[in-house]
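Participant: Here is my input, please return the structure:
(one chain, ligands or ions: 1)
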Amino acid sequence: MIEIIGPTVSPFVVKILAAADYKRLAYTHTEQVSVRELKKYNPDTGKVPIVLFDGEAVYDSTVILRRFDQAQPTPALLSEDANIAAQQRMLEDWSDESLYWHLMAFRWHPKNEHRTIAQNSQFVPAPVRLFAKPLLRRLVGNLAKAQGLGRLPYAMLIAELGHRLDDLVLLLGKQPFFYADRPSVADFAIYGQFATGCTGGVTPDFAEQVSQRTTLVDWRRRVEEAIVQEES
Ligand SMILES: N[C@@H](CCC(=O)N[C@@H](CS)C(=O)NCC(=O)O)C(=O)O
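Facilitator: I've put the predicted structure just below:
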């Protein structure tokens, strides 16, 4: 039994849900997670997503996707070609560890911060919800500043995201998915970041940068079609 835990405002939760759907895995999904459950299931990082595989808690979206492939090898989330698989893993890691921080910098910039706080307040425990704004700013918003991208002037943030997206267009080239004909961990990782950055109206300038690149808009639609096709 596979139990996915974590809210869909998290790009990493969207990443693993999309991969699970693509693989037609049977699972349950719980959006809300209490602080106590987080401590119980993931005392190391306290982050979501968490997946319970027959009650065994596994965290980190990358490790989770590897477990999905172990649990059900087809369709595989990595190419059979070792060199292509290596590139897919590297792009997955870039998405998780770099693109994510671009998105975080957008989310916590003063231009968007009020929408980010409104979206995330529901996850602050009721007794302290009155203090959601300073709490979220301190616990989450400051992470973007500490990482560095969150200190950039907004125009530079937009330009840097644009350059990275242009690189993605080049990497994709004429192929339907990154380095391959089938979606992989790389596609699901980037899909998670795009899906959360482009929907919900929290980071309109992030969404605008993606929408200006038709190659990426078409790629995103193909990932969504692959998920739905595998679902039906
Ligand atoms: N590398 C982790 C990143 C997970 C992550 O950063 N999750 C965020 C939500 S988007 C989180 O739980 N943040 C809460 C915190 O940092 O305490 C993964 O791939 O699962």
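
Participant: Check what pLDDT the residue nearest to Leu149 when sequence neighbours are not counted gets.
Facilitator: Distances taken as C-beta to C-beta, 6 or more residues apart in numbering place Ala105 nearest to Leu149, at 4.0 Å, with adjacent residues excluded. Just so you know, the C-beta spots here come from the backbone N, C-alpha and C atoms, and that holds for glycine as well. Note for Ala105: predicted pLDDT of 98.

Participant: Show the backbone phi and psi for Leu77.
Facilitator: phi -90, psi 0 (degrees, to the nearest 10).

Participant: Roughly how far does it sit from the ligand?
Facilitator: Computed as C-beta to the nearest ligand atom, to the nearest Å, the Leu77 to the ligand distance reads 14 Å.

Participant: and that residue, what is it in contact with?
Facilitator: 19, 22-23, 65, 68-69, 184-185, 188 (C-beta atoms under 8 Å, 6 or more residues apart in numbering).

Participant: hang on, Glu113 packs against Ala105?
Facilitator: No: the pair Glu113 / Ala105 is not scored as a contact, 11.0 Å apart, by C-beta atoms under 8 Å.

Participant: Pick out whichever of the two has more residues nearby.
Facilitator: Taking neighbours as other C-beta atoms under 10 Å, Glu113 and Ala105 compare with Ala105 leading, 25 against 18.

Participant: what about that one, which helix or strand?
Facilitator: Here Ala105 sits within helix 100-108, counting by DSSP states H and E.

Participant: and that helix, what other elements does it pack with?
Facilitator: helix 11-22, helix 113-120, helix 142-147, helix 154-172, helix 185-198, helix 204-211 (3 or more C-beta pairs under 8 Å, 6 or more residues apart in numbering; DSSP states H and E).

Participant: Please enumerate residues in contact with it?
Facilitator: By C-beta under 8 Å, 6+ apart, helix 100-108 touches 11-12, 112-113, 116, 137, 140-141, 143-145, 147-150, 152, 157, 160-161, 164, 193, 196-197, 202-203, 205-206.

Participant: Tell me where this protein is predicted with low confidence.
Facilitator: 229-232 (pLDDT under 70).

Participant: Show me how this protein divides into domains.
Facilitator: Annotated domains of the chain cover 2-71, 82-231 [automatic domain parsing].

Participant: Any residues of the protein in contact with the ligand? List them.
Facilitator: 10-12, 46-49, 60-62, 96 (C-beta under 6 Å from any ligand atom).

Participant: which one of those has the most neighbours?
Facilitator: Neighbour tally across the residues of the chain next to the ligand (other C-beta under 10 Å): the maximum, 27 neighbours, falls on Ser61.

Participant: ok, the closest residue to it other than its chain neighbours - contacts?
Facilitator: Of all residues not flanking Ser61 in the chain, Phe12 sits nearest, at 4.1 Å (C-beta to C-beta, 6+ apart). Neighbouring residues of Phe12 by C-beta under 8 Å, 6+ apart: 6, 47-49, 61, 96, 100, 192.

Participant: Kind regards, and thank you for your time.
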